Every structure is written in structure tokens, then in C-alpha cells.
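Chemist: With the sequence up front, the predicted model follows.
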2 protein chains.
Amino acid sequence: MDQERAPEERRGRRGRRGAGETPVRAARRRGLRNPFTAQRAVSDDEIESLHRAALTVLENLGLVALSPEARAIFRAAGALVDEDSGMVRIGREIVEAALAAAPSEFIIRAGAAAHDLDYAPGALLFGPGAGCPNATDRERGRRPGSFRDFEELTRLAASFDAIHFLAPMAEPQDIAPALRHYAMTRCQLATSPKVAFTYSRGRAQVEDCFRMLMIGAGLDEAAFRAEPRTYTVINTNSPRQIDRSMAEGIIDHARWGQVSVITPFCLLGAMAPVTVAGALTLQHAEALAGVTLAQLAAPGAPVVYGNFASNVDMRSGAPAFGTPEHVKATLGAGQLARRIGLPWRASVGTSTNMADAQGAAETAFALWAAVLAGANMVIHSAGWLEGGLTHSYEKLILDIEMLESIAELCAPFEADEAARGLDAIAEVAPGGHFFAAAHTMTRYRTAFHEPIVAGTANLGQWTEAGAMPADARATSVWKARLAAFEPDGVSEERLAALDKFITRRTEAGGAPPGE
Amino acid sequence: MDQERAPEERRGRRGRRGAGETPVRAARRRGLRNPFTAQRAVSDDEIESLHRAALTVLENLGLVALSPEARAIFRAAGALVDEDSGMVRIGREIVEAALAAAPSEFIIRAGAAAHDLDYAPGALLFGPGAGCPNATDRERGRRPGSFRDFEELTRLAASFDAIHFLAPMAEPQDIAPALRHYAMTRCQLATSPKVAFTYSRGRAQVEDCFRMLMIGAGLDEAAFRAEPRTYTVINTNSPRQIDRSMAEGIIDHARWGQVSVITPFCLLGAMAPVTVAGALTLQHAEALAGVTLAQLAAPGAPVVYGNFASNVDMRSGAPAFGTPEHVKATLGAGQLARRIGLPWRASVGTSTNMADAQGAAETAFALWAAVLAGANMVIHSAGWLEGGLTHSYEKLILDIEMLESIAELCAPFEADEAARGLDAIAEVAPGGHFFAAAHTMTRYRTAFHEPIVAGTANLGQWTEAGAMPADARATSVWKARLAAFEPDGVSEERLAALDKFITRRTEAGGAPPGE
């Protein structure tokens, strides 16, 4: 075991190549297919029991739908509706018919085919941390999210291939709520061809966003309706309530052929039972209600089954992420998603307050959980701090480092005769080294994954460079990315059309968010 | 998506329980069985080709054995030996016979049955980072390892159930090399009943250690030989060389019925081919040579197939850990180990210089690789910094946090009717919360894994407490553990006998380390 480390002197025995040479390596970071076998947390029989328990919840207990239109849709399908309380009880045959109608896979079309999102079995799609009211970086500190943050973070998301779709990474609080959706949608379209996010903050805003997406893509209404072009995230108000704008978001996205990611946010012991099984039962019931509403509104509407269950700290009620309970709930959610045959979304997260070792460990555990659970879409996979209260520029970079590693793992290693390298093994004398072997020389430039921030400097070099923890080293990375960024969004002509639309709508007062 | 975070106000809606109450939760952290399906990096056919390529290396190219006794053993078995160069070429039939003789599982007996190490299929055994010449903590800084460090770190390893066996975590450089093994073995025996490590630093030292283990366990020689009681780690001098003390370590451990963990340290592009397949071919060949030597020395000797392959930074030659190449090599090694039917060891590591986000991410990736590859024994799973040059007290704590999470994942979540909690779901009104539900109240004390360092304090609380990154928060943990530590080693009487042995051997000059 004496040799199982890297003594200084070993490092010294190599210095052949200058630091100026840049390896050129084509890494595949899009169109990922999960290389791992989806793991189980419990038996298939137990998952079946959870599924049935969720059906029982919907049938016997029901959930409150605050949207009159949603209640009318459920009632028309045979659900029992109490208009006074808003309670909707949904028979299992209604749910089962909806599940039969929901597509098991679909594609969201991006502004460029390379960025299309293929929700097929085995697909692995990463999105950045979203919904943060604040932003932070090590140079400017923590502040309420502004449009500048929204734009910069969108540019960062655009500039990394391992981020597959856009998201509202920080809330642009310096823009009036009635106008904010214009700025967010315009920014996404102007920045990147990656699929844009649409908030379900009221019917008027959603339709505004759809109009802008049509202008951005140069599509008429029929063409826009024909294929998914955007996604929204629907959070139920757990337990057992769906607010009006959320229900209408499901209905509108379904009718326009767009994607709802229906995600109860079930914190064990807070908004959900304290057990993983109980939280998954509640989550499953609420997600099934949302899926059913989408299919009743428009049979065949593309929907994603959403999972975001983790535990709280029972001493404070504060949420925790990347915990064993989070991992187990994610694995169980994957089993439930496969049981009902829908593409599904998992969630990464951390409750740390800075991009430290806790944050990396929690993020890594939640990320591995999502990958091992076979999630198709992983939201909040990079950048979250403080349980989502803040988007950190440095954490974003550090987390993308992990996503790029996962992307790299999607390809097996080459194991053919040339890769096995018997010639090289024969060439190098016992106790020698392979630095100069022909097998090495022809491959070294592209042999290894190139990290973004992770370094191998020894203690002396690292100390001389300022003894910076990884989060400090990440600052220069995002700064360089932003400095070099060139928008790759829609044409000037379409941008002008978008601006015209925005001006007209702004003059009309915009669209206040719904309830 | 607005709701997918933890607003301050949500946290505020709970404050029922005082901070003084301590949840009491019995977590199972020993006797772990891996809950995950072992993953493949490449096809079984490709693994078979790698296995055959390794046999070809041994048969046609051979490896240099610097021990005359090892060469004699190989020669007697029919290998082709060149005494001038020390080259030994081993026919595949010799290797295959050795593999048939090696046990597929065994138990290393500890000082207490609860700490026995069961090397059975599916077993998951964690050991701390080992072999570090230096130690560091945030209070005393980085220094050459001393006996005090060795003892303190051994006590920390002893005090966490998720660390399953002892290891030489930091080198006690303040003790003369000829006497160091006495201090290390005595310390392990005096501290903990967990299985102790024995260095293979020359025949005389190994026998000294065995004598001490016998005294410590109160065993005569026959009883000691009858069952494994300790383990050693054998590093080949890659490529294709095995040094004298390493070869003799294999021979002696085999003949005394003790365990050799035979681990080539194959850094891709440095001591091994630049490809994962090439490095695994070399690693496999060298490990097979060691396994064969053990079986030739004592058929049926307990051996562990060792894996420690990662890449180097091709610009500096410095090793990197937790990389995609490290993960892939670990997965491939698991396939090779299963191909030959031996218990096997994987390795965690990081090249970071402090316990930062890089270190946590690299450690987490290497740890998940080991778990997903189905490793039975995971070495260096906590505490390494600087590619093993330094053992960090804080990193040790932070990494044990991850090991405890993995231990927790070894149990499925409860999914019976009570756990599904339909009553609780019925009890809580839509939009309400579960904090006060009966289902919660009866379970909250023990519902969740309790982290060691990870916190859920919000930004205000965390800032007030000093805005400490996780590594800074880990300092108080190891200090408290050391302050509370009570040795649980051998009896006073046996300690006295050990001291008598040490005095006698010291007066005779001790035992200088071998080559």
C-alpha cells in the first residue's frame, strides 16, 4: 500500500509536453443514453401496492382543484366533484384511461435539430437549477435575481453541451410580474436554440409565451400545435391541491400540444407523509391527477411524470437534499414511472449555503440517484444553493463538471485489440513507464476526459496559485464563458418581430400572473 | 416550478420541537450487502478478451519477480524463469489452476464477532484512506505523519461503524523504520477490535506483526493459521514487476493463512497503457500473477483481487481520481473479478489539495463507481487528499458522511400498508401539512438518516454561525470524537504481553524494512 499514492518524485518524471498544447477531444454530451441498469428501491409488488394506494387516494379522498375549468373537465369525465370545497374524486378507470392515452415517448423540437429533446426510454436530459429568487457569485455576492442574472445564467446554460434545455435559473425580479414572461421568453429565444421553458403563471401569460415561441420558430398556430416546442413545470400544492394557474397550465399546454412536467414537491414529514412510501403514494396520486387532467383536456398530450421527494430536517422543518431518503424516493419514483409507462423527471438539489463539500456530495448523490433510477429528465441538475433559494454561478460550473462526467460514462471504453495494447505492454520494460510508448503518443491528446475546474496541481503549485478551493477556481470559468459568449438564438428579423409583439402587449398592460 | 424550493416562510411554519431533543435512531452500518445490480462497462465478450490478453501477457511477456523465493515457486510450478533478468513467464494452465484453488469467499476474524469481515458475494466493506506520508487538519496544519496522527486517525476509524476495518492512515514517520511496525500493530490492537492491517515490508516485520496479532487474540500459531485475522495490501511495481518484499508478503500471508489484497496501481498513461482496456489488461495480468503466487505458496490461501486504475493528467503526469476513466476502469475491474470468481477491492481517491467541492465530487464518483461495480472491499474510501500524500481529518469525516449514506441505502424503504400512510393522507387537509399528523408523530424521531456534518441551516443562521464551509464544520466533529474516545482493544493483560514482546524485539534491533 506504500505505492498507492502519487509521490512528488513520480510526478517529476514527466515533463515532455509543454503546457501550451491543447488536447482536442470531441466529447459527446448530447443525445445521451443512460448506460446503467435502472435500479429498484423496493420490489415490483410493493410498487404495485403503492400505485394502487395512489389510485385509492384519488378515488376515495380526492384532491382540491381550484380551477373551475379543471373541475368541469374532471366532472365531464365522470369524476365526483364538490363545487363548494373544490374536491374532485377521480375513479381509477378514469386514471387508467388517461394513462393509456398518454404517449410513452415524444420529442420536443428545439431551434436546431441537434438540441431536440428525445424523451425516449433510456434518454438522459439535464437541465439547470431553476426557480431561484436569488443569484450569487463570488465577485458580486448574493442579490435578488435580476434580468441580468437571468440572461447571464441562460447564456451559461447555453454554452455547455451537457445542459440540454433552458430553464428559469434566477427570477428577474427587476421586471414587473405582468411583463416578466416577455423578457424571459425573449431572452431564451435570443440566446440559444435549446428548448425554452414556459412558466404556467396564468392563461394569458402562457398564451403570450406560445405566441412568442411561434414567432421565434417562424411557425403558424397549426404547426406549433403539431409538435412539442416547449415545456412547463407543474407543481401541485401538496398535499392534494392543485392551484388554478397550475391546472390551467396543464390544460393549456395539453391543448396546444406542449409538454407539462407534472411534479408534486413532496417533502417527507412536511407536505407529505414522513415515510418514503407515504410520500411516493401522495406524489403518485397528485401526478396521476395532473396526467389525467392533461389527457382529458387533450388525449395524447405529451406529459412527463415528475418526482421531487426528499425529507426535511425534523428538528427545523428545513428541507434536505441528496439524502438517503431522497435517493430512495428517486429510485422508487423511477419504478412508479416505469409502472405507468411515462417519461419521467427527477430532481437534484442541495441545502448547502455555499459551493462546498456538502453541496458537492449532496448534488452527486442526488445526481447518481437520478441516473440510477433511469430518469429521462433531470431538473435542477446544476447551480442550486440553499435548497433552491439561490442560483450560484460557481455551483453551476462545478455541477456541470459532474454532468460532463456522467455524459462521458454514457460511452463504454474501447476494448478492441488496439485498445488492449499488448504491443505497448510489450514495448515498456518492467518497472518502466508508458509516457513515451507509441500507444500513448498516438492517443494521449484525446485519451481522457478534460475537466472544467478539477485540478491535479500538487500542493506547492496549488498554494502558489492562491490555495483556492474549487468554488473559487470556478469563478474564472464562468467569467470566461460569458466573455466569449456569442448568442445563437433566432434571427435579427424574428427578434424584431418578437420585440414588436412585446411592445404591443406591453402597451396593453401585459399579463398579470394568475393565482 | 415556483414551488420547487424552500422559501423561508415555509421553514417558519414549524417550530414545535426544541433543539434539545435528540432523535435516537439505530442505523445498520456493518454487515452491509450491496443493494445495487453490478453494472457493466463493456460486454462480457470484451471482458473475456481482456482476461485472455492478460493470460497472454503472463505467458509470452512475463513479469519480473525480484524475490528469488518467488521465482523458485513459479519455476517449480512449471513457469519459465530467467534468473539473470528475474523474468517469469507463467503458462495459462498454471494461472487457471491457481484460480481454481483460490477461495471465492472467506471471513477475516476480528477481535469481536460484530466486526468480522465477510468477503461474500454482495458484501460491501469500507476502509479509510491509507498509506499517507502526511496528515493535516484545519487546526494544526499539514505535517509529516507522526505516531500521534496514526493513533488519532485509528481512533477516528474505530469510532465510526461505517468504517469496517483499520488501515495505516498516516505514516508514523517519527518512529524508526525498524520499529514502526510494532507501534502500528500495537496501536491497532489497543484501539479497536476491528481487523488490523499488516504492512508487507519484509519477512521479519511480517512475522513480528503476526506474533503480535497472536498475542493480541490469545491464539497459538495453529489457531492463528486456521483463519484469516489480518490483511495486507500488495502493490506490484507496474508495469510487470513485483518487488521482493511484496512477493514475500504474498508468500508469507498465504502460508500463514492471512489475506493478501493484490493491487496493481495502474495509472493510465503512466505505469500502464493510456487506454482503460490496456490498463485493465496489465492490472489483470499482474493481479493474476500475485494470486497465482499465493496459491502456489499455499493452495486455498485467501486473496482479494485488487483494482486501482485511474488516469493521469496528460499535461503534467499527475494522477487524477474520480474521473470517468477511473469509474469505467472500476466497472471493468468488477467484471474481471466476477469472471475469475474472486472477492475484489476497489479504490476511492481524489487529487484535490483541500476538502472542497472538487474533493467531494471526485470521492463521490469513485465511491459510487466502487458500489456500482460490486466491489467487496473499498479502500481509501475516506480521508485522502492530494492523491494520497496527505490524510485529512476533516476529509475523513466528510467522506464517512457519504459512507453512512451508502450504508443507509443498503436497506430498502418500508413499503407496507402502515408506511404507505393512507390514514395520514386522509388526516391532513388539502394544502395542509404533515408535521403534526399522528403518522408523523410516531415516526419522526427515527424516520430519517442523521447526517454528521451536512446542515440545513438557512443562510441567516449559517452566516451567524460563522459562514463555515463543510470542511470547517467537520473540525469540531473529529475533535469531539477524539475527546470522547474510549479504547476498545485487547485486555490490559494482553497489552502487557505485547509490550513485553516489543521490548524484547526492540532490544534485538527491531526489523528493518525489506526491499
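Modeler: Nice, I can see it.
Chemist: Mean pLDDT per helix and strand in chain A: which one sits at the bottom?
Modeler: helix A:8-12 (a mean of 41; mean pLDDT, DSSP states H and E).
Chemist: quick one: low-confidence parts of the stretch 201-350 of chain A?
Modeler: Along the stretch 201-350 of chain A, no part satisfies pLDDT under 70.
Chemist: quick one, helices of the stretch 51-200 of chain A?
Modeler: All helices of the stretch 51-200 of chain A, identified by DSSP state H, counting those that start in this stretch, fall at A:68-76, A:92-101, A:147-159, A:180-191.
Chemist: mind checking which of these is nearest B:Asp161?
Modeler: helix A:147-159 (41.7 Å; Cβ to Cβ). (Glycine included, C-beta is placed from N, CA and C.)
Chemist: Give me the residues contacting that closest one.
Modeler: A:128, A:135, A:143, A:163, A:166-172, A:174-175, A:183-184, A:187-188, A:191-192, A:194, A:383, A:391, A:393, A:396-397, A:478, A:481-482, A:484-485, A:487-488 (Cβ atoms under 8 Å, 6 or more residues apart in numbering or on different chains).
Chemist: who's the spatially most central residue of chain A bridged to?
Modeler: For chain A, A:Ile379 is the residue whose C-alpha lies nearest the centre (Cα atoms, centre = their mean; 1.9 Å). When bridges are called by DSSP bridges, A:Ile379 pairs up with A:Ser347.
Chemist: I'd say it and A:Gly131 touch.
Modeler: No. Using Cβ atoms under 8 Å, A:Ile379 and A:Gly131 do not qualify as a contacting pair, with a distance of 9.3 Å.
Chemist: residues contacting the most far-flung residue of chain A relative to its centre?
Modeler: Here the centre of chain A is the reference, and by Cα atoms, centre = their mean the most remote residue is A:Ala429, at 49.0 Å. Contacts for A:Ala429 (Cβ under 8 Å, 6+ apart) come out as B:Pro239.
Chemist: distance of it from B:Met271?
Modeler: Distance, A:Ala429 to B:Met271, using Cβ to Cβ, to the nearest Å: 12 Å.
Chemist: Now the common contact residues for those two.
Modeler: With Cβ under 8 Å, 6+ apart, A:Ala429 and B:Met271 have common neighbours B:Pro239.
Chemist: Which one of the residues in the stretch 151-300 of chain A is closest to chain B?
Modeler: Nearest residue of the stretch 151-300 of chain A to chain B (Cβ to the nearest Cβ) works out as A:Gly278 at 3.3 Å.
Chemist: so that residue touches B:His439, yeah?
Modeler: Yes. With contacts defined as Cβ under 8 Å, A:Gly278 counts as touching B:His439 at a distance of 6.9 Å.
Chemist: Tell me which of the two has more neighbours.
Modeler: A:Gly278 (33 against 24; other Cβ atoms under 10 Å in any protein chain shown).
Chemist: Is stretch A:205-224 positioned near chain B?
Modeler: No. Using Cβ under 8 Å from any Cβ of the partner chain, stretch A:205-224 stays clear of chain B, coming no nearer than 12.4 Å.
Chemist: what does that stretch contact?
Modeler: Outside stretch A:205-224, the residues that reach it (Cβ under 8 Å, 6+ apart) are A:109, A:111, A:181-182, A:185-186, A:189, A:196, A:198-200, A:229-230, A:232, A:248-249, A:252-253, A:256-258, A:489-490, A:494, A:497-498, A:501-502, A:505, A:511, A:513-514.
Chemist: so what sits against both of A:Gly278 and B:His439?
Modeler: In contact with both A:Gly278 and B:His439: B:421, B:424, using Cβ under 8 Å, 6+ apart.
Chemist: Contact partners for A:Ala170?
Modeler: Contacts of A:Ala170 (Cβ under 8 Å, 6+ apart): A:132-135, A:145-146, A:149-150, A:153, A:391.
Chemist: ok, now with 10 Å
Modeler: A:129-136, A:143-154, A:383, A:390-393 (Cβ atoms under 10 Å, 6 or more residues apart in numbering or on different chains).
Chemist: Kindly report the same for A:Gly86.
Modeler: Applying Cβ under 10 Å, 6+ apart, the residues near A:Gly86 are A:62-68, A:70-71, A:241-242, A:244, B:430.
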